[in-house]
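**Student:** got a predicted structure plus its sequence, pasted below:
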Amino acid sequence: MSFRSFAGNFISSFYHGVIGQLPSHTLREIYLKLYLGRFGLKTTVQMNCRFLHGKSVFLGDHNVINFGCLLDGRRYPISIGDHVAMGPEATILTLGHDPRSPQFTDKGGRVTIGSRAWIGYRALILPGIKIGEGAVVGAGAVVTHDVEPYTIVAGNPAKPIGVRPRDLHYTLDYRPPFF
C-alpha cells in the first residue's frame, strides 16, 4: 500500500470513527472542509455520515446532509448543487460491479444532483445518475435512471409520480443541536 493510499485511509477512518461521531457541527465542518473536494457555505453534515474518497465529493452551499448518509466518491465524483436536502441514511454510489461480467469488473460513473433537489429517507442513487434541479426522490426509492428537473420519483426502481413547482425560493439553514 502506498503512503498516499495509507494516508487517505487514515484520514477517512479518523473522520468516520471519531469526528463523525461527535455532536459538534463545528468540528465536523472544520474537518470536512479539509477532507472533501468542496464543503459549501452554511452546509450541515449531521453525525454518522460516511464519505468514501472525500476529495471526490463536492457539496454546494446551504445543503443539509442528514445523519447516516453514505456518499461514495470512489473513482468517480459526486457533485451536489445548492439548497439540497438529503434525508437520513440516503446513499449515493459511484462505483459497483457489472453483473454480466465474467471477471466481475468495476462499473460506475459520476453522480450529479441539481440545486434544490430533495433526496428522501433511505433513498439509493446508483452510479452514473443525474438528478435534475428541484427534483424529489421519495423515501426508499432506488434511482436507476436520470431524474428530470422538478420531477418527483418514488419506488424500486424509481418512476415519476408527479411534478414539483418550478418557483422554489427557499434557503436551507438547518443546524440542529447535537446532530
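**Tutor:** Yep, that arrived.
**Student:** the bottom helix or strand of the protein by mean pLDDT?
**Tutor:** Counting by mean pLDDT, DSSP states H and E, the weakest-scoring helix or strand in the chain turns out to be helix 3-17, with a mean of 82.
**Student:** what's that one in contact with?
**Tutor:** By C-beta atoms under 8 Å, 6 or more residues apart in numbering, the surrounding residues in contact with helix 3-17 are 1, 31-32, 35, 50-54. (C-beta placed from N, C-alpha, C; glycine too.)
**Student:** on the three-state scheme, the residue sitting nearest the centre point of the chain is what?
**Tutor:** In the chain, the centroid-proximal residue (C-alpha atoms, centre = their mean) is Leu71; its distance is 4.4 Å. Using DSSP: H, G, I helix; E, B strand; the rest coil, the structure places Leu71 in strand.
**Student:** what's near enough to touch it?
**Tutor:** Residues near Leu71 by C-beta under 8 Å, 6+ apart: 49-52, 57, 65, 78, 92.
**Student:** again with Leu172
**Tutor:** 42, 62-64, 83-85.
**Student:** taking the contacts of helix 3-17 one by one, which sit in helices?
**Tutor:** Among the contacts of helix 3-17, the ones falling in helices (DSSP state H) are 31-32, 35.
**Student:** looking at those residues, which is nearest Val147?
**Tutor:** The closest of the ones in helices among the contacts of helix 3-17 to Val147 turns out to be Leu32 (C-beta to C-beta; 26.0 Å).
**Student:** was I right about that closest one contacting Thr44?
**Tutor:** No: if you go by C-beta atoms under 8 Å, Leu32 and Thr44 don't touch, sitting 10.3 Å apart.
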